[in-house]
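Peer 1: my questions concern the predicted model and sequence given below.
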Amino acid sequence: MRADMVVLYLLLRLLALLPLRALHAFGAALGRLVLWRRGRTAQNTAVNIRITRPELDEAAQSSLLRKVMEESGKSATEIVKVWGAGAERSLALIRDVQGEALLDAALAAGKGVIIAAPHLGCWEVLNYWLCRKMPMAILYRPPRIAAIEGLLRKVRGALAPEQVRADGAGVRTLYKRLASGGTVGILPDQKPRAGEGEFAPFFGRDALTMVLLPRLAVRTGATVLFAFAERLPRGAGYRVHLLPAPTGIADTDLVMACAALNRGVQNCVELAFAQYQWQYKRYSASDRISPYDRENG
């Protein structure tokens, strides 16, 4: 690692001595500050809440917006604990696992497993838990700062997933892993580039949706499971959830398959709505004028 990354690693190790509850409290305060400043992140989040929770009145939407921003802040500060403490100590923060039998059955079937992990809760804790269960390859885009990769390998240690670049060669690697009965992880709500996805409903409104995951499921016959690590209140730790994929996720009709994919993401989000990354522009390409640009002027 570069010298500056070594310093950052040592700082993470030091800050990881703080209780998770304290880090979450600081993160919640940070989220409230971002909301008070009313920058682009807070505005985009507010638009998404109006789109996905239209039945709520203005006061209820404002209350939910505050909760979402607090959880967003927690997701930033908890990384100090998760990376600084290391994999094994982070795993000790998992208090409960729901749906583990689904994963055990999928692994026993030997036909490959696709883990669809939305931008929800603490995905680094989920990565640790999954990699302790079995080797896993994940599709990723390299960080903008190349030196961060070395830091990630250091903090993840032996429980680091195999990182496969999001390009043609990487996709072929995923097919090979699944064909041999392996496990791969994909972010199912990663918005594809224009022309590389299908529009499908997400919380009642069309959103541009990836087609890679359904294509992998169709061609390999792998079991698809949705997973996330829920952040428990007052810094109590995490609860891992594994959910079955909705019927149709491996349909040869990509529109049907993408609709099932979004239903799977939505099923996860409904279990911890405020912990979803709602600042993400899921709907920006579904209209000729983005709802974010329209409402933000």
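Peer 2: Done, it's in. Residues are numbered from 1 along each chain as shown.
Peer 1: at the geometric centre of the protein, which residue do we find?
Peer 2: The residue lying closest to the centre of the chain (Cα atoms, centre = their mean) is H119, at 2.4 Å.
Peer 1: can you give me the distance of that one to C268?
Peer 2: Separation of H119 from C268 (Cβ to Cβ, to the nearest Å): 10 Å. In short, each C-beta sits where N, CA and C put it, glycine included.
Peer 1: who touches stretch 77-91?
Peer 2: If you take Cβ atoms under 8 Å, 6 or more residues apart in numbering as the criterion, stretch 77-91 is touched by 11-16, 18, 20, 23-24, 26-27, 30, 93, 122, 124-125, 128-129, 131-132, 151, 155-159, 231.
Peer 1: rerun at 6 Å
Peer 2: Outside stretch 77-91, the residues that touch it by Cβ atoms under 6 Å, 6 or more residues apart in numbering are 12-13, 15-16, 20, 23, 26-27, 122, 124-125, 128, 155, 157, 159.
Peer 1: by pLDDT, rank those residues and give me the bottom one.
Peer 2: Least confident of the contacts of stretch 77-91 in the model: V155, at 73.
Peer 1: my read is that residue is in a strand, agree?
Peer 2: No. Assessed by DSSP: H, G, I helix; E, B strand; the rest coil, V155 does not belong to a strand; its assignment is helix.
Peer 1: still on that earlier bit, any residues in contact with both of H119 and C268?
Peer 2: With Cβ under 6 Å, 6+ apart, H119 and C268 have no common neighbours.
Peer 1: max-length strand in the protein?
Peer 2: strand 223-231 (DSSP state E).
Peer 1: next SSE downstream of that one?
Peer 2: strand 238-244 (DSSP states H and E).
Peer 1: run through who's touching that following strand.
Peer 2: Taking Cβ under 6 Å, 6+ apart as the rule, strand 238-244 contacts 93-94, 96-99, 102-103, 122, 125, 129, 225-230, 267.
Peer 1: distance check, L130 against F199.
Peer 2: From L130 to F199 the distance is 30 Å (Cβ to Cβ).
Peer 1: make that N262, sorry
Peer 2: From N262 to F199 the distance is 10 Å (Cβ to Cβ).
Peer 1: so between those two, which is more surrounded?
Peer 2: N262 (24 against 16; other Cβ atoms under 10 Å).
Peer 1: picking up where we left off before, please convert the buried members of the contacts of strand 238-244 into ChimeraX selection syntax.
Peer 2: Burial among the contacts of strand 238-244 is assessed by 16 or more other Cβ atoms under 10 Å; the matching ChimeraX selection reads:
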select :93,94,97,102,103,122,125,129,225,226,227,228,229,230,267
